[in-house]
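*Asks:* Structure, please.
(one chain, ligands or ions: 1)
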Amino acid sequence: MSQMPDVNMTRMKRQGSEDVVPCPTTQALPKLPVPPLQQTLEGYLKVVRPLVSDDEYEQTKRKVEEFGKPGGDGEMLQEKLLEYAQTKVNWVYDWWMDDMYLTARLPLVINSSPGMVFPKQIFTEPSDQLRFAARLISGIMDYKVILDARALPIDYARGQLAGQPLCMEQYYRLFSSYRVPGLTRDMLVSPDSSVMPEPEHIIVVCKNQFFVLDVIINFKRLSEADLFNQLKRIMQAATAGDRCEPVGLLTAGDRTEWAKARIKLMEDSTNRDSLDMIERCIFVLCMDEGVCCDKTDLTLACQMLHGNGSHSNTPNRWFDKTMQDGASGGDDTTCQEKNDVPLARQMLHGDGSYSNTANRWFDKTMQFIVADDGACGLVYEHSPSEGVAVVQLVEHLLNYIRVNPWNDVCQRDSPAIPHACHSSQKYGSKKMLRAQSICELPYPRRLRWKLSPEVFHYLKTSRESVDRSIANMDLHIMRYTRFGKSFPKSQNMSPDGFVQLALQLTYFKLHKRLVSTYESASTRRFQLGRVDNIRAASIEAHNWVRAMCSDTVEDYDRMELFKKALKAQRNFTLQALKGQGIDCHLLGLKEMAAMIDMPMPDIFTDEPFDLTNKFVLSTSQVPTTMDAFMCYGPVVNNGYGACYNPHDDYILFCLSSFKDCGDSDSEMFTIALRQALDDMQHLCLKVNHPPSPVMDLRKVDINGDSKMANGLDGHQLGLPMFPCGMARENNPTRKQNSRDDDDTARGPIVDGAMAQT
Ligand code: COA
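*Replies:* This is a model prediction of the structure:
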């Protein structure tokens with residue numbers, strides 16, 4: 001396909017590891033290390049072991065030994081990688097971005113972009129949606145002031161390896177990034193401030209139509225009253241507008257198809273202008289129609305929110321509630337879980353082209369969603385940052401709205417609320433000070449499109465494919481209320497390890513085998529660090545889940561095996577957090593082989609290598625302090641997405657799978673998971689008296705001076721192992737289909753996680 005020069009890109013700059021100059025605090029962090037070759041190869045064999053038959057394992061072992069032998073390909077590639085790493089801020093960053101995101105061709109919707117559900121609001125009149133949206137915009141701009149001043153306080157690791165400073169770069173990408181579709185590879189870009197002034201507009205999408213809303217005019221931020229009035233104008237224009245093609249659906253399709261459609265769109269100057277405004281905007285605000293506003297939901301939501309109280313103060317109460325305030329378990333919890341699902345669907349994918357999916361522009365990093373029934377949340381394009389940055393923004397936002405109740409907006413001639421100016425005053429940004437009401441604001445501009453027959457064709461295929469995927473999505477939410485993270489802590493166990501092993505036990509109970517598992521571990525202790533993989537499907541986990549499912553193993557022995565599995569999990573975690581993870585290293589060695597154009601070593605063409613990179617369980621801890629939660633889709637056809645949010649006294653799980661795969665079922669998974677957690681608690685209470693310490697490694701330092709951190713051999717301690725051979729025919733991860741093929745090319749996709757690391 002012929003491609004004209006992309007004039008819009010002259011106003012953008014690429015966001016690669018070498019295109020961004022890290023700030024001094026980032027530069028003060030250590031560089032991501034290149035792990036020792038033999039350590040990674042040993043780790044890789046441990047990962048392969050529980051997933052393949054004895055014969056397959058032996059074959060793989062031979063290939064790994066050949067690769068790692070003195071003077072072999074492995075040593076040569078390792079040497080080149082070490083040299084290469086010296087020349088880079090973060091040696092794996094660009095390879096990882098390509099592998100994880102930019103070369104993936106699957107649609108962003110469901111396959112990559114996580115959704116986040118905020119507490120549902122009670123809207124009693126149509127203008128409430130506008131009031132809330134005005135306050136939301138104001139809160140986001142308040143946060144942006146801090147970002148623009150690069151004044152976010154440095155995060156320090158909590159939990160494991162606590163106390164170390166973390167890289168903050170990904171926070172600063174939230175409102176400056178845009179993902180441009182490419183024919184073979186997408187590009188992450190940001191507005192080039194040396195060419196154009198910084199953007200001062202957002203895009204509001206309403207009834208599938210796109211409007212430019214200037215949120216800064218004459219160097220002043222718009223007041224909520226002005227935002228409210230401008231949103232009202234947008235709403236009126238959208239309702240009165242001519243029939244509009246759902247152009248946003250183009251961004252919901254296959255990336256290559258969308259890249260082709262964009263090239264066609266760019267041939268017309270009207271489209272170029274519209275695309276330019278969207279690509280350079282600060283964020284997108286989606287004014288949705290409610291998808292779950294049936295009476296039962298609303299009544300239940302009201303009941304749970306405010307009991308018999310009056311409506312007047314309800315909209316903000318929800319923010320303070322913990323799950324137990326509103327639903328103390330049992331039936332209430334089930335009802336709440338049922339209400340959570342349509343909310344999660346709306347945020348994750350918009351619920352279909354005839355609902356809100358066309359009311360989006362999926363390439364934009366941050367899209368906030370406010371529906372007319374009080375549902376609200378966001379969907380974000382994952383490549384610029386991990387969920388941690390998004391969660392921190394959301395908590396700032398929800399707190400801002402709690403302190404400055406949205407139902408005040410435009411109820412009186414509201415003078416600037418002191419809190420609302422807080423960040424502008426604190427960080428001395430005159431431009432971001434909120435203005436008093438500006439008279440005669442120009443009407444927000446509706447973006448126009450000229451669609452050729454070819455673009456109509458792309459629109460049609462994109463609509464069909466996204467509707468198919470949405471119909472195929474099986475999403476379940478479980479609020480597990482029997483205990484939260486306090487219980488594992490009381491047992492001297494890591495809550496994260498506890499949950500990860502519960503997921504392993506669940507999968508084993510349902511499928512009688514373990515599968516390749518991804519859990520994101522932050523590598524933000526290093527410059528431009530993102531994540532590496534904690535692989536929970538360990539040999540020790542395999543031994544333990546078999547014991548749990550066997551009638552002949554005593555509880556005491558189960559507990560011993562459980563502790564070994566927790567230790568192995570902790571070792572993988574520490575290894576990844578310390579920049580010693582195997583996934584990034586193997587990716588680096590493979591990319592180096594491609595870079596120097598040598599024949600690909602057998603270790604990387606071996607079937608188990610492919611198998612270990614098909615993450616049937618794609619998991620992530622995304623903790624929040626408020627009752628907001630994240631959700632995402634599976635990354636392989638027969639897989640599960642499992643996002644969990646551990647609170648002190650309950651754990652929220654979002655489980656997703658695809659209906660057309662006969663091998664997975666989100667509802668069955670949640671039932672089995674509940675049982676697994678119950679069983680584990682029962683086991684602990686029965687035989688872990690008094691709770692004995694299970695390797696609390698919170699104090700291990702980054703150099704790994706602790707014995708355990710260096711040892712990485714938890715699985716070798718103790719009881720005999722169960723045999724772990726597994727028949728290949730029974731392994732559905734081998735199932736070949738188009739989605740699997742794509743996934744192989746893409747490698748791991750991390751969910752949307754976000755942990756306070
Ligand atoms: N006994 C008692 N308490 C323990 C314990 C033990 N053996 N082990 C841990 N704990 C405590 C921790 O101190 C911590 O306490 P806090 O709640 O007071 O902070 C708490 O239990 C949680 O620790 P743990 O469950 O072990 O996990 P963690 O919070 O350290 O998180 C990871 C582990 C891997 C999830 C985290 O380090 C991480 O990397 N998160 C980022 C993930 C990410 O970036 N995802 C992005 C995807 S988009």
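*Asks:* With L577 as the reference, measure out to the closest residue to the ligand within the chain.
*Replies:* As assessed by CB to the nearest ligand atom, the ligand sits closest to G159 within the chain, at 2.2 Å. In this view, the C-beta of every residue, glycine as well, is placed from N, C-alpha and C. Taking CB to CB, to the nearest Å as the measure, G159 falls 9 Å from L577.
*Asks:* Which one of those two is surrounded by more residues?
*Replies:* In this view G159 and L577 are compared by other CB atoms under 10 Å, and L577 has more residues nearby, 28 against 16.
*Asks:* Just to check, the more buried one is in contact with S520?
*Replies:* No. The pair L577 / S520 is not scored as a contact, 10.9 Å apart, by CB atoms under 8 Å.
*Asks:* what sits in contact with each of these two?
*Replies:* The contact sets of L577 and S520 do not overlap (CB atoms under 8 Å, 6 or more residues apart in numbering).
*Asks:* so for stretch 603-611, what's the average pLDDT?
*Replies:* Mean pLDDT, stretch 603-611: 97.
*Asks:* Could you export it as PDB, CA atoms only?
*Replies:* Presented in PDB, the C-alpha positions along stretch 603-611 are these (Å, rounded to 0.1, in the frame of the first residue of the first chain):
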ATOM      1  CA  ILE A 603      16.500 -23.000  22.300                       C
ATOM      2  CA  PHE A 604      14.200 -20.300  20.800                       C
ATOM      3  CA  THR A 605      12.600 -22.400  18.100                       C
ATOM      4  CA  ASP A 606      11.900 -25.200  20.500                       C
ATOM      5  CA  GLU A 607       8.200 -25.900  21.100                       C
ATOM      6  CA  PRO A 608       8.400 -25.500  24.900                       C
ATOM      7  CA  PHE A 609       9.800 -22.000  24.400                       C
ATOM      8  CA  ASP A 610       6.700 -21.200  22.600                       C
ATOM      9  CA  LEU A 611       4.600 -22.900  25.200                       C
END
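*Asks:* Show me what it is in contact with.
*Replies:* 48, 51-52, 56-57, 59-60, 63-64, 66-67, 74, 516, 586, 589-590, 593, 731, 733-734, 744.
*Asks:* Can you give me the buried ones in that stretch?
*Replies:* Across stretch 603-611, burial judged by 16 or more other CB atoms under 10 Å covers I603, F604, D606, P608, F609, D610, L611.
*Asks:* can you redo these as a markdown table with secondary structure?
*Replies:* Converted to a markdown table, the buried residues of stretch 603-611 look like this (DSSP: H, G, I helix; E, B strand; the rest coil):
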| residue | secondary structure |
| --- | --- |
| I603 | helix |
| F604 | helix |
| D606 | coil |
| P608 | helix |
| F609 | helix |
| D610 | helix |
| L611 | helix |
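*Asks:* for the stretch 351-500 of the chain, what spans make up the helices?
*Replies:* Using DSSP state H, counting those that start in this stretch, the helices assigned to the stretch 351-500 of the chain run over residues 387-403, 422-426, 453-472, 486-490, 495-511.
*Asks:* does S657 have beta-bridge partners, and which?
*Replies:* D474 (DSSP bridges).
*Asks:* In contact with it, which residues are there?
*Replies:* S657 neighbours (CB under 8 Å, 6+ apart): D474, P634, G639, Y640, G641, S664, D665, S666, F669.
*Asks:* make it 10 Å
*Replies:* Going by CB atoms under 10 Å, 6 or more residues apart in numbering, S657 touches 472-476, 616, 633-634, 637-642, 663-669.
*Asks:* What of P35?
*Replies:* Taking CB under 10 Å, 6+ apart, one finds 43, 78, 532, 575, 578-582, 584-586, 588 in contact with P35.
*Asks:* which element is it on?
*Replies:* Using DSSP states H and E, P35 falls within no helix or strand.
*Asks:* Distance of it relative to L589?
*Replies:* 10 Å.
*Asks:* list residues touching both of these two?
*Replies:* With CB under 10 Å, 6+ apart, P35 and L589 have common neighbours Q78.
*Asks:* thinking again about what came up before, type out the PyMOL command that picks the buried ones from the contacts of stretch 603-611.
*Replies:* Command for PyMOL that selects the buried part of those, burial taken from 16+ other CB under 10 Å:
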select buried, resi 48+51+52+56+57+59+60+63+64+67+74+516+586+589+590+593+731+733
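*Asks:* Now go through the contacts of stretch 603-611 and say which are in helices.
*Replies:* Applying DSSP state H to those, the entries found in helices are 48, 56-57, 59-60, 63-64, 66-67, 74, 586, 589-590, 593, 744.
*Asks:* out of these, who's near the ligand?
*Replies:* With the criterion set as CB under 6 Å from any ligand atom, no member of these is near the ligand.
*Asks:* min pLDDT across the residues you listed, which one?
*Replies:* By pLDDT, T744 ranks lowest within these, coming in at 27.
*Asks:* Reformat the contacts of P35 as a markdown table; add distance to R448 and secondary structure.
*Replies:* Converted to a markdown table, the contacts of P35 look like this (distance: CB to CB, whole Å; DSSP: H, G, I helix; E, B strand; the rest coil):
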| residue | distance to R448 | secondary structure |
| --- | --- | --- |
| G43 | 55 | helix |
| Q78 | 55 | helix |
| D532 | 45 | strand |
| Q575 | 53 | helix |
| K578 | 53 | coil |
| G579 | 49 | coil |
| Q580 | 53 | coil |
| G581 | 48 | coil |
| I582 | 51 | helix |
| C584 | 45 | helix |
| H585 | 50 | helix |
| L586 | 49 | helix |
| G588 | 46 | helix |
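*Asks:* Return the member of those residues nearest to A28.
*Replies:* Each of the contacts of P35 was scored against A28 by CB to CB, and G579 proved nearest at 16.0 Å.
*Asks:* Which residues are in contact with the closest one?
*Replies:* 30-35, 90, 92, 521, 523, 525-526, 529, 532, 585, 702, 704.
*Asks:* Please pick the buried ones from those.
*Replies:* By neighbour count, with 16+ other CB under 10 Å, these hold 31-32, 34-35, 90, 92, 521, 523, 525-526, 529, 532, 585, 702, 704 as buried.
*Asks:* which SS class is P30?
*Replies:* The local conformation at P30, judged by three-state DSSP, is coil.
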